[in-house]
Structure formats: C-alpha cells, structure tokens
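Trainee: predicted model and sequence follow; I will ask about them next.
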Amino acid sequence: MGSSRKLIKNKRSEEEEEDRISSLPSCLIGHILSFLPTKDVLKTSVLSTKWKYHWKSITNFYFDDQSVKSFINFVYRVLLLSVSDMHKFRLTCENICDNSHLSQWVSIATLRHVREVHISLLMNCHVMLPHELWTCNTLVVLKLADMLVLNVPTMVRLPSLKILHLDKMVFSDGDSTKRLVSSCPVLEDLAILECYWLDQNINVFNISADGWELLPELTYLELGVPDEGVTAGWELLPELLERAPKLETLVCKELLCYGGYNQLLRHTPTNVPYCVLFHLKVIEIRYFFWCSDELKIAEYFLKNAKVLERMVIRSAGGQQSKIICNTLLGLPRGSKTCRLEVY
C-alpha cells in the first residue's frame, strides 16, 4: 500500500516537473523559442494545446532552404502568422533566386521593426533588396554575404545601424558603397571582405558628408581583398582612417595581394589621421607575406599609433614568424606599451 502511494506521488511530481516550462509566461516561452531554428520552433505546436500558438510570439527567425521542404510556403506562413515585433531575421539560400520573394520577406521584416538582418545567398543572382530595408529606422545590424551584384538605391537612410558587414559582394561602382556607408551616422563596426567593384578605374571611396563627420562612432574596421587584380578596394582604407576619428581596432586581410599595399602607400595621408594618433589600440594584419611594402606599412602604424596596445601579425608562412618578429622589434614605436604578436 505504501509503495503504491509512493509511486502515485512520484508520478505527480514528475508531471509537475515536466509542466514547469508550460507554466512560464508566454512572452518568456517565446523568448526561449527564439534561440531555436524556426523549423524546430514550429514543431513545438504539436506538443499540446498549450503550445499550439506559442511559436507565434518568437522574435528571432532563422530560415535555411536546405532544412525545409516547400521552403517558400514555409517562410510566408511563418512571417504572416507570427505576431511579435522582430528582433532578428536570418536567411540562407542556395537554390532559390526569386527576387520577388526575397523582397517581400525583407519588407515584412521591416514592417515588424526588425533590428538585425542577416542574408546569405550562396548562388549567382542579381539582387534587388526592397526600398524599405534601406530606410529602416530600427535596423541595428545588417550582414550581407555571397550576393553576386548588390544594387544600392539612391535613397539610403539607416539612422540606427551600428554593425555593417559586407562579404563577397559586388558593387557596380564606388558611389554605391559611398551611399551605403555614408548613410549610417552611428556606425560602430564595419567589415568589407572580398568585395568587388565592377569599375576598377574609379576612386572607390572619395566621400564627403554635410554637417557631420562621416563615421564618427566607428570603432572597428575590417578589410579584405578578394582576388588577383582587385586593388581598388584598398583605396577605402586611407579615406576611412581620415573619417573615423574614434577607430580602435583595424583588421586587414591580405593587404599585399596583387598591389594592395601599393594602393595603400600611394594614398597614405601626409598628416597622420586623428584615430591613428589618439585612438587606435589594436592592429591585426592577416596573411603577411614578408615584403618591403608590408614592412613600411607596419612601420607607419608602429611609429604613429601613440596608444597602440597590440599589433598582431599572422604570417602567410609560419616558418618566417621569428624573422618577422625580430625585424618589427627593431622598428621605432610611438607607443611604449605596444605588444607584438606574430603567428
């Protein structure tokens, strides 16, 4: 008799234990679900009647066309039936290249006051993102990758954007880059990696802004070149250094590649930029090929960056690390506390 009562008690305890999550407020359950892939979130609707509509309150949306059948219908269903404001919209596509669907999905996200947009299109296509994205007042993070050609409209206004990452993008000309970056007055983190400009015979980043410094809040900058023969992108660096007075971290990938250092040296300003003198704390150079031009650039920063704390060199040939380190240690330094790290 006693054992039966104990079993009943244990069973009730297990049921109470299992039901703790269901007893949480709907907003909290929605927040928890927002960390799961969207396809998995929808599966919770069959757990019980209590869980049938919890998925509608999620704030993060992760869509991947490799994980769901009838992908287009799935995305529309989720976006149109969910009710909460959107925090994050992440889309990864390998096979679907229908600009009309992409445009509508992003438009819905902006209507839901989206704060983060991450789009990666692993295919060759011409992309026209909707006008609403380029004038979204709530957008804080924008990360675009693997788009063949990105058309930036004439009208761009992103007053809240703090993080902008562009990876493997193609721009028709420098003006499109200019319009995009100069429309982000509170930008703090900018990464331009393996991007192309169709017209290489241009001054890619000769920009000016009326009434405010171009990038007054930028503290992190990362640049990388894509391929042989692409050097125009490195014209961005001197301009950005001039227009980012608070820059603290600079990461450069393959600066030497195919004339990239020559571009930088040719455009290095006579007067040392304010950020280099008073704010730049960390410099990382990846794929250091150990040539005289690279050493000149390293010497330039070591000499002029008065508050530099770390210079990180990642050698393209590991066996040369000791030689590079010894050479750099012999160069004059503006910061007595700068630490050299060579890998």
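Mentor: That came in fine, so what should we check first? Numbering: from 1, shown residues only.
Trainee: and residue 103, that's in a helix?
Mentor: Yes. With DSSP: H, G, I helix; E, B strand; the rest coil as the criterion, residue 103 is located in a helix.
Trainee: wait, it touches residue 129, no?
Mentor: Yes. Counting by CB atoms under 8 Å, residue 129 is a contact partner of residue 103 at 6.8 Å. To be clear about C-beta, it is placed using only N, CA and C from the backbone, and glycine gets the same treatment.
Trainee: neighbour count for those two, which is higher?
Mentor: More crowded of residue 103 and residue 129, by other CB atoms under 10 Å: residue 129, with 21 against 17.
Trainee: residues in contact with that one?
Mentor: 102, 103, 106, 119, 150, 151 (CB atoms under 8 Å, 6 or more residues apart in numbering).
Trainee: in ChimeraX, select just the buried ones from these.
Mentor: To isolate the buried members of the contacts of residue 129 in ChimeraX, using 16 or more other CB atoms under 10 Å:
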select :102,103,106,119,150
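Trainee: now the contacts of residue 129 as TSV including distance to residue 172?
Mentor: Formatted as TSV, the contacts of residue 129 follow (distance: CB to CB, whole Å):
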residue	distance to residue 172
102	19
103	19
106	20
119	18
150	8
151	7
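Trainee: wait, which of the contacts of residue 129 is closest to residue 237?
Mentor: Comparing the contacts of residue 129 against residue 237 with CB to CB picks out residue 150 as the nearest, at 20.7 Å.
Trainee: could you tell me how far the closest one is located from residue 125?
Mentor: From residue 150 across to residue 125, the span is 11 Å (CB to CB, to the nearest Å).
Trainee: next one: residue 240
Mentor: Using CB to CB, one gets 29 Å for the distance from residue 240 to residue 125.
Trainee: okay, these two: which has more neighbours?
Mentor: residue 240 (23 against 16).
Trainee: doesn't that one belong to a strand?
Mentor: No. According to three-state DSSP, residue 240 belongs to no strand; its state is helix.
Trainee: for the stretch 1-150 of the chain, which spans come out with low pLDDT?
Mentor: The stretch 1-150 of the chain contains residues with pLDDT under 70 at 1-27, 29-31, 41-57, 97, 124, 148.
Trainee: if we go to 50?
Mentor: Applying pLDDT under 50 to the stretch 1-150 of the chain picks out residues 46.
Trainee: test my guess that residue 328 contacts residue 302.
Mentor: Yes. Under the criterion of CB under 8 Å, residue 328 makes contact with residue 302 at 7.1 Å.
Trainee: which stretches in the protein count as helices?
Mentor: Here the chain has its helices, by DSSP state H, at 2-18, 26-33, 38-43, 71-81, 99-111, 131-134, 174-181, 236-243, 260-267, 274-278, 292-304, 321-329.
Trainee: quick one: list the elements packing against the fifth one.
Mentor: The helices and strands touching helix 99-111, judged by 3 or more CB pairs under 8 Å, 6 or more residues apart in numbering; DSSP states H and E, are helix 71-81, strand 88-93, strand 116-121, strand 126-127, helix 131-134.
Trainee: could you dump that helix to CSV, C-alpha only?
Mentor: What follows is helix 99-111, C-alpha atoms only, in CSV (Å, rounded to 0.1, in the frame of the first residue of the first chain):
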residue,chain,number,x,y,z
ASN,A,99,14.0,38.4,-56.1
SER,A,100,10.2,39.0,-55.6
HIS,A,101,10.0,36.5,-52.7
LEU,A,102,13.2,37.9,-51.1
SER,A,103,11.9,41.4,-51.4
GLN,A,104,8.6,40.6,-49.8
TRP,A,105,10.2,38.7,-46.9
VAL,A,106,12.5,41.5,-46.1
SER,A,107,9.7,44.1,-46.4
ILE,A,108,7.7,42.1,-43.9
ALA,A,109,10.6,42.1,-41.6
THR,A,110,11.0,45.9,-41.8
LEU,A,111,7.3,46.3,-41.1
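Trainee: for it, buried residues please.
Mentor: Under 16+ other CB under 10 Å, the buried positions of helix 99-111 are 102, 103, 105, 106, 107, 108, 109, 110.
Trainee: contacts only, for the last one.
Mentor: With contact set as CB under 8 Å, 6+ apart, residue 110 has these partners: 130, 132, 133, 136, 138, 139.
Trainee: quick one: the spatially closest residue to it that is not a sequence neighbour from residue 105, how far?
Mentor: Distance criterion CB to CB, 6 or more residues apart in numbering; nearest residue to residue 110, sequence neighbours excluded, is residue 132 at 4.2 Å. Residue 132 sits 11 Å away from residue 105, going by CB to CB.
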